[in-house]
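> Coordinates for the following, if possible.
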Amino acid sequence: MEEKRGRGRPRKDPEKLARWVPPEGWSRLVAWVSPEEKKALKRVAVEAEVSVADLVRALAAGLAAGTVTPEELVGQVRRGMATMEKIPTLFERDAGFRVVDRPRAECAWVFAGEGTATEKLDGTNVRLTVRSGRLVRVEKRRNPSAAQKKLGIVDGWYVDTAEDAAEDKWILAAARGTDVDGWPDGEHPCEALGPRIQGNPLGLDAHLCLPFDREAPVYEEVPRSYRGLREHLAELESRFAPGALAEGIVFHHPDGRRAKIKRKDFPESARPRRA
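Model prediction:
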């Protein structure tokens with residue numbers, strides 16, 4: 001008969017949990033990663049004989065002290081960003097991760113004049129469920145892992161947020177800061193935006209959710225050439241935050257395909273010319 005294992009060595013003081021207090025001025029950095037990305041980080045951490053947290057801190061400390069140069073990391077970061085990309089960018093990229101005047105084959109429909117253009121919002125994709133003008137459920141988007149994609153699972157899905165999860169704090173703040181009175185019953189895909197989400201590129205003062213099915217105005221007469229888009233985006237004003245520049249454009253095909261282009265995708269010469 002197999003002997004039942006005990007609970008391990010008891011604490012000297014069971015009522016007192018071990019807690020680490022960070023130095024004054026320190027802040028916590030939280031990021032969502034896929035199972036494959038987490039495994040890759042753990043593999044490097046094991047080789048370096050440190051924890052994943054210490055691995056990230058070591059990189060940050062090296063950058064702060066100048067012992068690790070930005071140039072040593074930038075190329076790797078850009079290659080990683082290209083791997084993360086879920087909605088294809090209209091043009092191919094050069095070694096500096098800027099777009100060049102070479103359309104991507106899978107985006108040919110955009111250059112053929114198909115689809116409509118809406119403002120690209122740099123936030124977090126969520127879904128709000130509304131009943132009788134009240135918010136009853138808040139979900140966040142989860143994308144398939146590399147392993148799941150190999151099994152044929154290519155579309156993302158939504159999972160519930162949690163009240164006690166630190167990573168969901170600002171999503172929930174955005175949901176609660178959204179007036180859903182008057183919204184029809186149903187599930188509404190939205191973009192969560194605000195001061196603590198994705199760097200707040202639109203400079204918003206409060207957290208809120210913008211529903212794609214209700215507040216996604218179409219940009220008319222958007223050019224569909226490299227030069228035309230470059231010049232257009234350099235001056236394109238956001239419809240959601242007047243006075244601020246739009247981050248970019250997302251083209252939507254009736255069959256569900258999408259393609260994007262951002263102002264910062266272009267070389268430095270395409271950056272805003274505003275005073």
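> Any idea what the spatially most central residue of the chain is bridged to?
Centroid-nearest residue in the chain, with Cα atoms, centre = their mean: T124, separated by 5.6 Å. In this entry, T124 is beta-bridged to A192, by DSSP bridges.
> And what about L63, helix, strand or coil?
What DSSP: H, G, I helix; E, B strand; the rest coil gives for L63 is helix.
> What of W183?
coil.
> Repeat that for Q148.
Local secondary structure at Q148 is given as helix here, using three-state DSSP.
> Pull out the buried residues from stretch 196-207.
Neighbour-count burial for stretch 196-207, counted by 16 or more other Cβ atoms under 10 Å, picks out 197-198, 200-202, 204, 207. (C-beta placed from N, C-alpha, C; glycine too.)
> returning to that earlier point: thought the residue nearest to the centre of the chain was touching A192?
Yes: between T124 and A192 there is a contact under Cβ atoms under 8 Å: 4.5 Å.
> joint contacts of these two?
171, 174 (Cβ atoms under 8 Å, 6 or more residues apart in numbering).
> next SSE after the helix or strand bottoming out on mean pLDDT in the chain?
Between all helices and strands in the chain, the lowest mean by mean pLDDT, DSSP states H and E belongs to helix 70-84, at a mean of 60. Following helix 70-84 in sequence order, the next helix or strand is strand 91-93 (DSSP states H and E).
> Now do that following strand, average pLDDT.
Per-residue pLDDT over strand 91-93 has a mean of 93.
> So what touches that strand?
Strand 91-93 is contacted from outside by 82, 99-104, 226, 261, 265, using Cβ under 8 Å, 6+ apart.
> can we see that at 7 Å?
The set of residues external to strand 91-93 that reach it, using Cβ atoms under 7 Å, 6 or more residues apart in numbering, is 82, 99-104, 226.
> Now stretch 219-234 - C-alpha only, PDB.
What follows is stretch 219-234, C-alpha atoms only, in PDB (Å, rounded to 0.1, in the frame of the first residue of the first chain):
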ATOM      1  CA  TYR A 219     -12.900  56.900 -43.000                       C
ATOM      2  CA  GLU A 220     -14.000  57.800 -46.500                       C
ATOM      3  CA  GLU A 221     -11.600  58.200 -49.500                       C
ATOM      4  CA  VAL A 222      -8.600  56.800 -47.700                       C
ATOM      5  CA  PRO A 223      -5.700  56.400 -50.200                       C
ATOM      6  CA  ARG A 224      -4.400  52.900 -50.800                       C
ATOM      7  CA  SER A 225      -0.800  53.400 -51.900                       C
ATOM      8  CA  TYR A 226       2.400  53.500 -49.900                       C
ATOM      9  CA  ARG A 227       3.000  57.200 -50.500                       C
ATOM     10  CA  GLY A 228      -0.700  58.100 -50.100                       C
ATOM     11  CA  LEU A 229      -1.100  56.300 -46.800                       C
ATOM     12  CA  ARG A 230       2.200  57.700 -45.500                       C
ATOM     13  CA  GLU A 231       1.100  61.300 -46.100                       C
ATOM     14  CA  HIS A 232      -2.500  60.600 -45.000                       C
ATOM     15  CA  LEU A 233      -1.500  59.100 -41.700                       C
ATOM     16  CA  ALA A 234       0.900  61.900 -40.900                       C
END
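> my guess is the residue nearest to the centre of the chain meets W170, correct?
No: under the criterion of Cβ atoms under 7 Å, T124 is not in contact with W170, lying 8.1 Å apart.
> joint contacts of the two?
Common neighbours of T124 and W170 (criterion: Cβ under 7 Å, 6+ apart): I197.
> Setting aside sequence neighbours, what's the nearest residue to P22?
Distances taken as Cβ to Cβ, 6 or more residues apart in numbering place R28 nearest to P22, at 7.8 Å, with adjacent residues excluded.
> Fine, thanks again, bye for now.
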